[in-house]
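K.L.:
only geometry, no sequence info:
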């Protein structure tokens, strides 16, 4: 159930109060069975991470940036397939990793709804450098701040902070440092870091004074030092939640046996409005038992966050009553910046410039769109021709690049002076095609309508349309 002001305290509380996260089920200490059985598989494999070929999806790229302590952090940036509506940072649970299946699914669900999403491994975990034993909750919060800074430099400021389990506690703690953040969403998060400290000691209280203890994380032995327990004991979050000052969406399962539903109640009660609660009925703590749970979180989260993501004046204008008739394209630019909204029939696009030249990188630049138009035209033309001929063309792939060069360096150009534009096209066709068919397809690709428009004489007629000023 989703509802602003819905009180999760009405949900039934579980009778098991277990550990805060997955990895502690592999401690050498004796832990509650409810926590241990979450990671048991018949063949001993790690069941909770996404295979490498699934991690590296077409819209995903690897990124590297310095963490708070200077160690290199490794992450993945999920790019939306179309219009960019905002940017998000997604934090994983204690000692899990960016490739936890639930994290990947939530990340991709957000990207499908128009958000650029950065997920990364905290220091000492996954692909990131550093010693996990030297980290603690405070260093995780610092890493999150570094990740938000990286995202801001590459794609624009983070609009949304999302965290799972202890990562949810971390986003609650870091949001106050990031004035650009518009909304925060913890998933199955503890209301205090002391919850994890108490649970770690539950199976072996005599180790409270030990300098370090060994854990088996994904088959590798790592050490957790006393400084982690001391840092967790500081509680954190006690003042941060009440002073959050941002829209808050709390996700929690009423049957979570790892971080009980009472933590959602405490977070919800401490926060000020606007705040909402979503009950993940029947879901396990890691959102692994049913993949629909993590996809549901991503979908609901994207739609909730959309109301808090400020759309530019250009997008508002393009989203109004303007209509692009058949064969017409409507374009609207805002009062500042380069972001430009485009409407072609019922389709909406966004153009922009890279951050390096003063844009916000919310969409491709005009030359990118020009190359896309040419490439799409060639692909469609070849498909139409091959289908008509009955040829076994399976796939068309093109890479296009535009640059300018001096006319004297262009042997095929008619101009003798100045600079000329050159578009380079690399064409690849696959299928059971003979040499003559491949030659003919290359020839036909150069006859596509957009190609012919670009190489022929083109007249552009401009007319000004006066518009009324509503302020006059």
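P.N.:
Thanks, I have the structure now. The model shown is predicted, which means the values in this text are computed figures rather than measured ones.
K.L.:
verify the stated contact: residue 267 with residue 163.
P.N.:
No: using CB atoms under 8 Å, residue 267 is not in contact with residue 163; the gap is 11.7 Å. The C-beta positions use only the backbone N, C-alpha and C, and glycine is treated the same way.
K.L.:
any common contacting residues for the two?
P.N.:
Residues touching both residue 267 and residue 163 (CB atoms under 8 Å, 6 or more residues apart in numbering): 172, 186, 189.
K.L.:
and the residues you listed, which is closest to residue 112?
P.N.:
Distances from residue 112 to these, taken as CB to CB, are shortest for residue 186 (21.6 Å).
K.L.:
which residue comes closest to that closest one once chain neighbours are left out?
P.N.:
Using CB to CB, 6 or more residues apart in numbering and skipping the chain neighbours, the partner closest in space to residue 186 is residue 168 (3.0 Å).
K.L.:
which strands and helices sit next to the host helix or strand of that neighbour?
P.N.:
Residue 168 belongs to helix 166-174 when elements are defined using DSSP states H and E. Contacts defined by 3 or more CB pairs under 8 Å, 6 or more residues apart in numbering; DSSP states H and E place helix 166-174 against strand 86-91, helix 137-155, strand 160-164, strand 183-187.
K.L.:
quick check: angle from the first one to strand 160-164?
P.N.:
Strand 86-91 and strand 160-164 are oriented at 20 degrees to each other (axes from the mean of the first three to the mean of the last three CA atoms, to 10 degrees).
K.L.:
ok, residues contacting strand 86-91?
P.N.:
98, 103, 106-107, 110, 114-119, 122, 140, 144, 147-148, 151, 155-164, 167-168, 170-171, 182, 305-306, 309.
K.L.:
which neighbours in the sheet does that strand have, and how are they oriented?
P.N.:
strand 115-120 (parallel), strand 160-164 (parallel) (DSSP bridges).
K.L.:
residues making contact with the shortest one?
P.N.:
Where contact means CB under 8 Å, 6+ apart, the residues beyond strand 160-164 that reach it are 86-93, 96, 100, 102-103, 106, 110, 115, 144, 148, 168-172, 174-175, 178, 181-189, 287, 301, 305, 309.
K.L.:
isn't residue 399 right next to residue 425, touching?
P.N.:
Yes: Residue 399 lies in contact with residue 425 (CB under 8 Å); the separation is 7.5 Å.
K.L.:
these two: who's more crowded?
P.N.:
residue 425 (16 against 11; other CB atoms under 10 Å).
K.L.:
got a list of what the more buried one touches?
P.N.:
Counting by CB under 8 Å, 6+ apart, residue 425 makes contact with 374-375, 378, 398-400, 445.
K.L.:
picking that back up, ok and the helix holding residue 168 relative to helix 137-155, angle-wise?
P.N.:
Angle, helix 166-174 to helix 137-155, by the same axes, to 10 degrees: 80 degrees.
K.L.:
how is this structure partitioned into domains?
P.N.:
2-306, 313-357, 366-455 (automatic domain parsing).
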